[in-house]
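Asks: Dropping a prediction and its sequence here:
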Amino acid sequence: MPLTGPIPEGRTFFCPHCGALYSVTYSRLSKSDSNIAKCVVCLQIMTSWDSTKVPIYKLVQRPDDA
């Protein structure tokens, strides 16, 4: 699915495993249930963290071969 509009607010991030494009924003939480983010396309772990500043990933574009 090609990108048809502007990338949502936040910085861009490409999954290091499959190349899916994400928009990343951050939120402060007192405690997160999970400290990893998995790609919704390839299900691989994209990143992990150990803080209350939690990245929120929104899929913008799937890779062409997904």
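Replies: Structure received. Numbers count the residues shown, from 1 in each chain.

Asks: in the protein, which residue is closest to the centre?
Replies: Tyr57 (3.1 Å; C-alpha atoms, centre = their mean).

Asks: hang on, that one packs against Leu21?
Replies: No: the criterion here is C-beta atoms under 8 Å, and Tyr57 misses it with Leu21 at 10.3 Å. (Each C-beta comes from the backbone N, C-alpha and C, glycine too.)

Asks: what residues are shared contacts of the two?
Replies: Residues touching both Tyr57 and Leu21 (C-beta atoms under 8 Å, 6 or more residues apart in numbering) are Phe13.

Asks: and the closest residue to the residue nearest to the centre of the chain other than its chain neighbours, how far is that from Ile56?
Replies: Leaving aside its sequence neighbours, Tyr57 sits nearest to Tyr22 (C-beta to C-beta, 6 or more residues apart in numbering; 4.5 Å). Applying C-beta to C-beta, to the nearest Å, the value for Tyr22 to Ile56 is 9 Å.

Asks: Compare those two (neighbour count), which wins?
Replies: Tyr22 (24 against 13; other C-beta atoms under 10 Å).

Asks: Looking at that one now. What's its pLDDT?
Replies: As predicted, Tyr22 sits at a pLDDT of 95.

Asks: wait, what's in contact with it?
Replies: 12-15, 46, 57-60.

Asks: Can you name the next helix or strand after the one helix or strand it maps to?
Replies: Per DSSP states H and E, Tyr22 falls inside strand 21-28. Per DSSP H and E, strand 21-28 leads on to strand 36-38 as the next helix or strand towards the C-terminus.

Asks: Pull out the buried residues from the very next helix or strand once past that next one.
Replies: Next along the chain after strand 36-38, taking DSSP H and E as the criterion, comes strand 45-48. Of all the residues in strand 45-48, those buried under the rule 16 or more other C-beta atoms under 10 Å are Met46.
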